[in-house]
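Everything below, folded, please.
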Amino acid sequence: MTDRTSPVEASGERALARAKRYGAFQAFRFLHLFSLAAVALAVGYFVLRYDLVETGPGEAQLAPLVPAGRSLVCVAVDDDLPLGKGVIVEIDGATGPRFSRVAAAPGDVIAFREGVGGRREATVDGRPVDAAFPANAPVPAGVVPPDRFLVVDPNPDVSTDDSRTLGLLPRSRIRRKVIFSGWD
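Numbers count the residues shown, from 1 in each chain. Prediction:
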């Protein structure tokens, strides 16, 4: 007796092997298409949720933190988005939208002391704020109330279109939060 298989058995084994390979191919194809769909959804979510903003020469007030020409990734501010000290935000200023830095958030304590030339120097929780406030600035000393923020331009010598002239800003006047300051 020989260990030979009949031609019918051999073709059946080949067909079974082909079916196994095809099934593996289908599984690979499904995973590949699923991965592409997941990437497309993630990119779509990013595009809908985040904005890419290019800083120009008009954003000179950002100079110490963000050089002109730098790209910023921003997210729209809603009631759930946390805003803390040091965060760069876009506000509705008196002269239009502009970028500023949050110097004090709700619950922080603002204090003033007399500075040079009739200007007041501010501290937030005992730490100095890098901007002099005019004597008539509409910012009260004390605890920052809920839903209000002290925002100061990072380069206060360039502009005073911030809390020094606008007072404590409500969250509704803060448009976007910068989440990434990246490439040129």
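
now the helices for the protein?
7-49, 163-166 (DSSP state H).

Could you tell me the least trusted of those?
With a mean of 70, helix 7-49 has the lowest mean pLDDT of the helices of the chain.

Can you show me the strands along the chain?
50-54, 71-76, 88-93, 96-104, 109-114, 120-124, 127-133, 142-143, 148-152, 169-170, 174-181 (DSSP state E).

Switch those over to TSV; also include mean neighbour count, mean pLDDT and distance to Ser35.
Just so you know, the C-beta spots here come from the backbone N, C-alpha and C atoms, and that holds for glycine as well. Shown next, in TSV, are those (neighbours: other CB atoms under 10 Å; pLDDT from 0 to 100; distance: least, CB to CB, whole Å):
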stretch	mean neighbour count	mean pLDDT	distance to Ser35
strand 50-54	14	66	22
strand 71-76	16	80	24
strand 88-93	20	86	35
strand 96-104	22	86	37
strand 109-114	14	91	51
strand 120-124	19	89	47
strand 127-133	17	85	47
strand 142-143	10	94	51
strand 148-152	24	93	42
strand 169-170	16	93	44
strand 174-181	18	83	25
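
Can you convert those strands into TSV and add a column each for distance to His32?
Listed next are those as TSV, based on distance: least, CB to CB, whole Å:
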stretch	distance to His32
strand 50-54	27
strand 71-76	29
strand 88-93	40
strand 96-104	42
strand 109-114	56
strand 120-124	53
strand 127-133	53
strand 142-143	56
strand 148-152	47
strand 169-170	49
strand 174-181	30
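
Would you mind saying which of those lies nearest Val43?
Evaluated with CB to CB, the strands of the chain place strand 50-54 nearest to Val43, the distance being 10.8 Å.

circling back: mind checking the strands of the chain for the one nearest to Pro82?
strand 174-181 (8.8 Å).

OK, contacts around the closest residue to Pro97 other than its chain neighbours?
If the residues on either side of it in the chain are set aside, Pro97 comes closest to Glu90, at 5.5 Å by CB to CB, 6 or more residues apart in numbering. Neighbouring residues of Glu90 by CB atoms under 8 Å, 6 or more residues apart in numbering: Val53, Cys74, Pro97, Arg98, Phe99, Ser100, Ile174, Arg175, Arg176, Lys177, Val178.

Which pLDDT does the model give the residue nearest to Glu121 when sequence neighbours are not counted?
Closest residue to Glu121 apart from its sequence neighbours, by CB to CB, 6+ apart: Gly115 at 4.1 Å. Looking at Gly115, its pLDDT stands at 78.

I figured Gly115 hits Ala132, correct?
Yes. Counting by CB atoms under 8 Å, Ala132 is a contact partner of Gly115 at 5.6 Å.

Now the common contact residues for these two.
Glu121.

contacting residues for Ala132?
Gly115, Val116, Arg119, Arg120, Glu121, Pro156.

could I get those as TSV with distance to Ala17?
Output for the contacts of Ala132, formatted as TSV (distance: CB to CB, whole Å):
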residue	distance to Ala17
Gly115	86
Val116	88
Arg119	86
Arg120	84
Glu121	82
Pro156	75
